[in-house]
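Asker: how would this look folded up:
(one chain, ligands or ions: 1)
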Amino acid sequence: MIGYVDTAPAATDVPSLDVRGVQYSYPDGHVALRGVDLTVPRGERIALLGPNGAGKTTLVLHLNGILAGGEGTVTVGGLTVNRDRATLAEIRRRVGIVFQDPDDQLFLPTVAEDVAFGPANLGLRGAELAARVTEALDAVGMAEHRDRAPQHLSFGQRRRVAVATVLAMHPEILVLDEPSSNLDPAARRELAAILRGLPVTLLMVTHDLPYALELCDRALILDAGRIVADGPTADLLADTTLLAQHRLELPFGFQVQGRAPSYRIP
Ligand SMILES: Nc1ncnc2c1ncn2[C@@H]1O[C@H](COP(=O)(O)OP(=O)(O)OP(=O)(O)O)[C@@H](O)[C@H]1O
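Answerer: The predicted structure is shown next:
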């Protein structure tokens, strides 16, 4: 697949993500995270599952410092999130978030300009910048569309470009919010093949349990601000009692062979 060299200084034995004791209440007093601990080794693909309101988005927004101020620490590739501007800028390069709606991320006249935007802000210019754009678009199979207007692309194509805008930053960890939503079956399968081939750590927030199973060896269930299960995705999804307790449902007739219960209940 793609052969880019990660510019992040982190050593391979440093986890991509280490979350320790994160608790967070919104300003209105609503408690969204009640002590989350999580370590994600480099290169792992992990699914973050949980019912509506569980705290998944709140947790994701802590990973790049959009939300902070509660208790606990978040460390990305060995660098701890804090309020220092330079640190925050580097954290935001390391944690690439692909939002559910690609139109939140695409706003320039052409695909190539959208993909160049982030690395240009990092100071890249000329051949180096061009190489970043080409590499990221190649990674998502969108090189031939580089000069097109994003608004003229299909939804699935726009989602791939949104992934490329983040890959162009050479992130330590790629976070995807509902990557399979609104994709037709072929686009869903194609995106899975792309994601499987990317040399990054991947955290995928999804309600699409078969997609989680297809892409992620490990899954977490977050509910009411706590991680309630952490283990092999197949094992979690094979436990129908666990799924029901946390309002998770497999599609009708979908069977999972797992070794329930082999997962960890923290
Ligand atoms: N800005 C806010 N102010 C107050 N409470 C909030 C705010 N944003 C979210 N919450 C609350 O925090 C809790 C966690 O919300 P969050 O959006 O993280 O859940 P989620 O797991 O991402 O849900 P979904 O699957 O519906 O996207 C919910 O109870 C929600 O009502």
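
Asker: rest of the way, CA atoms for contacts and neighbours
Answerer: OK.

Asker: list the contacts of stretch 136-148.
Answerer: For stretch 136-148, the external contacting residues (C-alpha atoms under 8 Å, 6 or more residues apart in numbering) are 1-2, 109-112, 115, 134, 157, 160-161, 163-165, 167-168, 194, 198.

Asker: looking at those residues, which are in helices?
Answerer: Among the contacts of stretch 136-148, the members found in helices (DSSP state H) are 111, 112, 115, 134, 157, 160, 161, 163, 164, 165, 167, 194.

Asker: and those as JSON lines, adding distance to residue 257, neighbour count and pLDDT?
Answerer: JSON lines is the format used below for the ones in helices among the contacts of stretch 136-148 (distance: C-alpha to C-alpha, whole Å; neighbours: other C-alpha atoms under 10 Å; pLDDT from 0 to 100):
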{"residue": "111", "distance to residue 257": "41", "neighbour count": "27", "pLDDT": "98"}
{"residue": "112", "distance to residue 257": "43", "neighbour count": "25", "pLDDT": "98"}
{"residue": "115", "distance to residue 257": "40", "neighbour count": "30", "pLDDT": "98"}
{"residue": "134", "distance to residue 257": "40", "neighbour count": "19", "pLDDT": "98"}
{"residue": "157", "distance to residue 257": "33", "neighbour count": "20", "pLDDT": "96"}
{"residue": "160", "distance to residue 257": "31", "neighbour count": "25", "pLDDT": "96"}
{"residue": "161", "distance to residue 257": "34", "neighbour count": "31", "pLDDT": "97"}
{"residue": "163", "distance to residue 257": "31", "neighbour count": "29", "pLDDT": "96"}
{"residue": "164", "distance to residue 257": "34", "neighbour count": "29", "pLDDT": "97"}
{"residue": "165", "distance to residue 257": "36", "neighbour count": "29", "pLDDT": "97"}
{"residue": "167", "distance to residue 257": "33", "neighbour count": "31", "pLDDT": "96"}
{"residue": "194", "distance to residue 257": "25", "neighbour count": "16", "pLDDT": "94"}
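
Asker: which single one of these is nearest to residue 72?
Answerer: residue 167 (28.0 Å; C-alpha to C-alpha).

Asker: just checking, that closest one touches residue 97?
Answerer: No - using C-alpha atoms under 8 Å, residue 167 makes no contact with residue 97, being 9.8 Å away.
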